[in-house]
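> sequence and predicted model, in that order:
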Amino acid sequence: MPTSLLGALWVVPALPLLGFLMNGALALWRPQARTAVSTIGVAVLVLACGAAVAAVAGFAGLHPAAPLVIRYWEWMPVGDLRVDFALQFDQLSAVMVLVVTGVGALIHVFSVGYMQADAGYARYFAYLNLFVFFMLMLVLGASFPVMFVGWEGVGLCSYLLIGFWFNEQINADAGKKAFIVNRIGDVGFLIAMFLIFRATGSLDFGPVFGRAAMVFPPAGASVTAITLFLFLGCTGKSAQIPLFTWLPDAMQGPTPVSALIHAATMVTAGVYLVARCNVLFALSPLGSATVAGVGALTALFAATIALKQWDIKRVLAYSTISQLGYMFLGVGTGAYAAGIFHLVTHAFFKALLFLGSGSVIHAMHHAYHATHAHDDAQDMRNMGGLRRYLPWTAALMWIATLAIAGIPPLSGFFSKDEILGAAFALGTAEPAWLVYWAMGIAAALLTAFYMTRLMLYTFHGPNRTGDKEREHLHEAPWVMTGPLVVLGVLSVVGGALNLPELMGGGAALQHWLEPVTALADRMRPVVELSHAMEWTLVGGAVLVAALGIVGAVRLLHPEALVPARLAPPETGLERLLWKKWYVDEIYDAVMVRPVQWLAREVLWKTIDLRLVDGLLVNGSATASRALGWLGSRLQTGEVGFYVALFVVGVLLVVGGAMR
């Protein structure tokens, strides 16, 4: 392996870690040094992206068939368990590293303008740099334990960044909710690691995946249990049913944080894990079907909720949950390249949508602050007609909207179409998979509808901000708009990464990932569709997207909206969707309150206060005091009394001995 590649690889995660240490020091001792914070925070990501490009270029020049594993030091040598701190570089991690550092760098640049006036500016960039470091450790780790360090690290950073403005209770609660819900899924990941080590005797990716076909019988109970526990971890990190409820509340953090979590880092970790463990999932049809089924159901379920949300960021949050469902549908059907392809294109257009919404919120906050108004700056009912004041943001967000809706030739069309085509192809052999395909089509229709709704209510129709506020609306500075332009270009041309052979492309990303997925691909049945059927599916997908867009334009009336403070309450089905199918309330009634009752009434008041404190601690103290009091009564100082006690004692001993 070339020395340049070896050097470039460890530099990639080291630079964001250095940025965290330097900005963390500034946050403690010189929090007002904003220029230094901005320079460090952005520079380490730009340099990390450059190092990542150099590493990928050096790796591509080698044309390796096997992953390159670089071991740095011995970490956990315990009995039969040997875990080194090692990084692994292959075609899959190369894609992830470029996405994390590239999109992450753009989000850091945007943050300079968005967070400039925040009192916690240095602390914010320290956390943001640390977030990227842990995500890079997650995708570069050469073993499950090293990956788990990154896995837990991004969970920690999500807690710190979602609850960044922790002085408000709602923000602190959102951070805690994300942290706790993710811990539930992480238990599944831990159990899966224990089962993997028991079966294979290793936790390094190479030995585990190399021995999998010999150790695990196809469709066996052991490999099925492992894949299901791994997927439980994925449902937490990637916000899938049943552990999706934390992600909408994550909107309480700064908007660039939402962009980083939703586009380039944390929520993609679960999809990456399934793709990385493709051999294990290929050996478990039930595990793969569960991944695909939960993904399809989540895609449709989250899309229904997004139909009636008014907070612009909350619409995008449920959109992310839905699009992650598509990715899991892809990797669950065995179309690992298609799932990763959608992960990449989604990073482009979802980062653009979130940063665009940040530009809108920035303008709204500025207008309300200037006029001392107190309306919700994130509620779409308080917006309207903003295309006249934010033309760049409106145009770029329309590009992202058409991309996520699946309109050709934008990137989202190609990646989503590949996933739906793979599900349909499996359905021709196993009709049950057609249900997943149908759910994906329905979710695509709803996606086009609710994203068009977002754009209509935000940028079109009459302006509802107020006469005085309208005068202060303006486009964001170029430090914020510039990253939007770059992401807009990527959203347009990103489909070229894996342009299918059906359309004259070479399926470049699919061929690039073949060394990683080859073994799993050989284990799965190959179902080929005719070109006529493929074109029919493409046409159907475009028709569905167009129907959703046209339906929203025809059915929705932005001119009829009133500001949020004047809006009538939601009723019927609209209220059900607005309240998110009452999932949070159901979880609260079924799980949260019973656990709180158990903790407070049983564990605390009964066992702790009455049994432990009352009986054992206080009871033993009372008994000791009673014995002490009794002993003190016997100490009279009178010799005759002592002689009498002595005689009584002797008689009792003699009497006992004579029995």
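Looks like it came in fine. Residues are numbered from 1 along each chain as shown.
> low pLDDT regions in this structure?
Across the chain, the ranges flagged by pLDDT under 70 are 1-8, 372-374, 659.
> three-state assignment of the most centrally placed residue in it?
Taking Cα atoms, centre = their mean, the centroid of the chain lies closest to Val267, which sits 2.2 Å from it. Judged by DSSP: H, G, I helix; E, B strand; the rest coil, the three-state class of Val267 is helix.
> all numbers from here: first residue = 233
All set: I'll call the first residue 233, so the last point we hit is now Val499.
> so what's the residue count around the residue lying closest to it once chain neighbours are set aside?
Among residues not flanking Val499 along the chain, Ser470 sits closest, at 5.0 Å (Cβ to Cβ, 6 or more residues apart in numbering). Where C-beta positions appear, they are placed from N, C-alpha and C, glycine not excepted. Ser470: 29 surrounding residues under other Cβ atoms under 10 Å.
> quick one: contacts for Ser470?
By Cβ atoms under 8 Å, 6 or more residues apart in numbering, Ser470 lies in contact with 499-503, 556, 559-560.
> how far away is it from Gly872?
Going from Ser470 to Gly872 by Cβ to Cβ, to the nearest Å gives 86 Å.
> please apply the same query to Leu666.
From Leu666 over to Gly872 the distance is 103 Å, taken as Cβ to Cβ.
> which one's more surrounded, those two?
With neighbours defined as other Cβ under 10 Å, Leu666 and Gly872 compare such that Leu666 has more, 14 against 8.
> surely that one meets Phe656?
Yes: between Leu666 and Phe656 there is a contact at 7.1 Å, judged by Cβ atoms under 8 Å.
> quick check, the residue nearest to the centre of the chain in contact with Thr467.
No: judged on Cβ under 8 Å, Val499 makes no contact with Thr467 at a distance of 11.1 Å.
> how far off centre is stretch 302-320?
Remark: stretch 302-320 is offset 27 Å from the chain centroid, using Cα atoms, centre = their mean, to the nearest Å.
> typed the wrong thing, it's stretch 671-678
With Cα atoms, centre = their mean, you get 22 Å for stretch 671-678.
> one more: stretch 295-308?
27 Å.
> residues in contact with it?
In this structure, residues lying in contact with stretch 295-308 by Cβ under 8 Å, 6+ apart are 233, 237-238, 241-242, 291, 294, 314-322, 325, 374, 377-378, 437-438, 747-748.
> strands - which of those land there?
Among the contacts of stretch 295-308, the members found in strands (DSSP state E) are 314-321.
> the stretch 683-832 of the chain: helices as residue ranges?
With DSSP state H, counting those that start in this stretch, the ranges of helices along the stretch 683-832 of the chain come out as 699-702, 710-725, 740-755, 763-787, 804-810, 815-819, 825-829.
> identify the residues contacting the residue nearest to the centre of the chain.
469-471, 479, 493, 552, 556.
> quick check: the two most widely separated of those?
Lys469 and Thr552 (12.5 Å; Cβ to Cβ).
> right, and the helix or strand after the lengthiest helix in the chain?
The residue-count maximum for a helix in the chain (DSSP state H) belongs to helix 568-603. Using DSSP states H and E, the helix or strand that follows helix 568-603 in sequence is helix 623-637.
> which helices and strands sit right next to that following helix?
helix 568-603, helix 643-661, helix 664-691, helix 710-725, helix 763-787 (3 or more Cβ pairs under 8 Å, 6 or more residues apart in numbering; DSSP states H and E).
> hmm, 10 Å instead?
helix 544-564, helix 568-603, helix 643-661, helix 664-691, helix 710-725, helix 763-787 (3 or more Cβ pairs under 10 Å, 6 or more residues apart in numbering; DSSP states H and E).
> got the CA positions of that helix in PDB?
Taking Å, rounded to 0.1, in the frame of the first residue of the first chain, the C-alpha atoms of helix 623-637 are listed here in PDB:
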ATOM      1  CA  PRO A 623     -35.100  34.100  -4.800                       C
ATOM      2  CA  TRP A 624     -31.900  32.000  -4.600                       C
ATOM      3  CA  THR A 625     -33.200  29.900  -1.800                       C
ATOM      4  CA  ALA A 626     -36.600  29.400  -3.500                       C
ATOM      5  CA  ALA A 627     -35.000  28.300  -6.800                       C
ATOM      6  CA  LEU A 628     -32.500  25.900  -5.100                       C
ATOM      7  CA  MET A 629     -35.100  24.400  -2.800                       C
ATOM      8  CA  TRP A 630     -37.300  23.700  -5.800                       C
ATOM      9  CA  ILE A 631     -34.400  21.800  -7.300                       C
ATOM     10  CA  ALA A 632     -34.200  19.700  -4.200                       C
ATOM     11  CA  THR A 633     -37.900  19.200  -4.000                       C
ATOM     12  CA  LEU A 634     -38.100  17.900  -7.600                       C
ATOM     13  CA  ALA A 635     -35.100  15.600  -6.800                       C
ATOM     14  CA  ILE A 636     -36.700  14.100  -3.700                       C
ATOM     15  CA  ALA A 637     -40.000  13.700  -5.600                       C
END
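> what's the angle from that helix to helix 544-564?
When axes from the mean of the first three to the mean of the last three Cα atoms, to 10 degrees is applied, the directions of helix 623-637 and helix 544-564 differ by 30 degrees.
> quick one, helix 623-637 and helix 763-787 angle?
Using the same axes, to 10 degrees: helix 623-637 against helix 763-787 is 130 degrees.
> run the chain-centre distance for helix 623-637.
The chain centre lies 23 Å from the centre of helix 623-637; the measure is Cα atoms, centre = their mean.
> go on, stretch 530-537?
Distance, centroid of stretch 530-537 to centroid of chain: 16 Å (Cα atoms, centre = their mean).
> could you do stretch 722-736 as well?
For stretch 722-736, the distance to the chain centre is 26 Å (Cα atoms, centre = their mean).
> hey, C-alpha coordinates of it in PDB?
What follows is stretch 722-736, C-alpha atoms only, in PDB (Å, rounded to 0.1, in the frame of the first residue of the first chain):
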ATOM      1  CA  LEU A 722     -24.900  18.000  -6.800                       C
ATOM      2  CA  SER A 723     -28.600  17.400  -6.600                       C
ATOM      3  CA  VAL A 724     -28.900  17.900 -10.400                       C
ATOM      4  CA  VAL A 725     -25.900  15.900 -11.500                       C
ATOM      5  CA  GLY A 726     -25.700  13.300  -8.700                       C
ATOM      6  CA  GLY A 727     -27.600  10.700 -10.700                       C
ATOM      7  CA  ALA A 728     -24.600  10.300 -13.000                       C
ATOM      8  CA  LEU A 729     -22.800   8.400 -10.100                       C
ATOM      9  CA  ASN A 730     -24.900   5.300 -11.000                       C
ATOM     10  CA  LEU A 731     -26.600   6.000 -14.200                       C
ATOM     11  CA  PRO A 732     -28.200   2.700 -15.200                       C
ATOM     12  CA  GLU A 733     -27.200   0.800 -18.300                       C
ATOM     13  CA  LEU A 734     -30.900   1.000 -19.400                       C
ATOM     14  CA  MET A 735     -30.300   4.700 -19.900                       C
ATOM     15  CA  GLY A 736     -26.900   4.500 -21.500                       C
END
